[in-house]
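**Student:** Got a predicted structure plus its sequence, pasted below:
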Amino acid sequence: MTTSPLSTPLADRVSFLISQLGFHAAACFTERLRPLGLHPRHFGLLSHLSVADGQTQQRLATAMAIHRNVMVGLVDDLEDRGLVQRRRHPSDRRAHAVHLTAAARDLLIQAQRAADEHEAELLAGLDEPDRRQLVSLLQHLAQHAGLAPGVHPGLHQSRASSAPRFVAGKGFAEASSDVVAP
């Protein structure tokens, strides 16, 4: 088989490598969260709330750069599972603040541990200076592409989930077609 001198093998294309590793990382992380009944998009929202609890859905949607309808679906799903509560906002009677429940805080500890293990496994082939350099380069590329820091572009879409769902006080239940997935 003859290759053209202008042909670049996929294994030498940055876009292919980033896509390949991204797909692999996302699939592995989804599997790590599956025993907890979570999806990466839920982990992202719970993580955001863990550092900024009590925000309105609108403020959350803006901070996470996702459409408010997608945010409503995420919050509805987590509220149905007993992981968040909507309460009257203290300074805006028209709005509700979204708060983590104790069950969500407990689950988030386990999910963060899974995320840490996932990252350690994913980066096992790099030493610490190379890890820092990789993160810096990827942050630079994401910024250049206009991506919101810490926000996965997949949050803009609604898709059904097949993972079991964690429901506070009830344990795990099979997913339904109205669950929003990563």
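**Tutor:** Sure thing, it's come through.

**Student:** and Asp12, how many neighbours?
**Tutor:** The number of residues packed near Asp12 is 8, by other Cβ atoms under 10 Å. C-beta here means a position set from N, CA and C on the backbone, and glycine is covered the same way.

**Student:** Report the separation between it and Leu108.
**Tutor:** In this view, Asp12 and Leu108 are 40 Å apart by Cβ to Cβ, to the nearest Å.

**Student:** mind showing which ranges of this protein have poor pLDDT?
**Tutor:** Low-confidence segments of the chain (pLDDT under 70): 1-6, 155-182.

**Student:** Please repeat the previous calculation with a cut-off of 80.
**Tutor:** Within the chain, the segments meeting pLDDT under 80 span 1-6, 151-182.

**Student:** all helices of it, in order?
**Tutor:** Secondary structure of the chain (DSSP state H): helices located at 14-33, 40-51, 57-63, 68-80, 102-122, 128-144.

**Student:** Comparing those, which comes out most buried?
**Tutor:** Neighbour counts (mean count of other Cβ atoms under 10 Å) averaged over each of these peak at helix 40-51, with a mean of 20.

**Student:** could I get that one in PDB with only the CA atoms?
**Tutor:** C-alpha atoms of helix 40-51 as PDB (Å, rounded to 0.1, in the frame of the first residue of the first chain):
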ATOM      1  CA  PRO A  40     -20.500  13.000  34.400                       C
ATOM      2  CA  ARG A  41     -23.000  15.800  33.800                       C
ATOM      3  CA  HIS A  42     -24.500  15.200  37.200                       C
ATOM      4  CA  PHE A  43     -21.100  15.100  38.800                       C
ATOM      5  CA  GLY A  44     -20.300  18.500  37.100                       C
ATOM      6  CA  LEU A  45     -23.400  20.100  38.500                       C
ATOM      7  CA  LEU A  46     -23.000  18.600  42.000                       C
ATOM      8  CA  SER A  47     -19.300  19.700  42.000                       C
ATOM      9  CA  HIS A  48     -20.300  23.200  41.000                       C
ATOM     10  CA  LEU A  49     -22.900  23.400  43.700                       C
ATOM     11  CA  SER A  50     -20.500  22.100  46.300                       C
ATOM     12  CA  VAL A  51     -18.500  25.300  45.900                       C
END
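
**Student:** Next, the angle helix 68-80 makes with that helix.
**Tutor:** 80 degrees (axes from the mean of the first three to the mean of the last three Cα atoms, to 10 degrees).

**Student:** give me every residue that touches the residue nearest to Phe43 when sequence neighbours are not counted.
**Tutor:** In this structure, Phe43 finds its nearest non-sequential neighbour in Ala111, 5.1 Å apart by Cβ to Cβ, 6 or more residues apart in numbering. Listed by Cβ atoms under 8 Å, 6 or more residues apart in numbering, the contact set of Ala111 reads Leu33, Leu36, Leu38, Phe43, Leu46.
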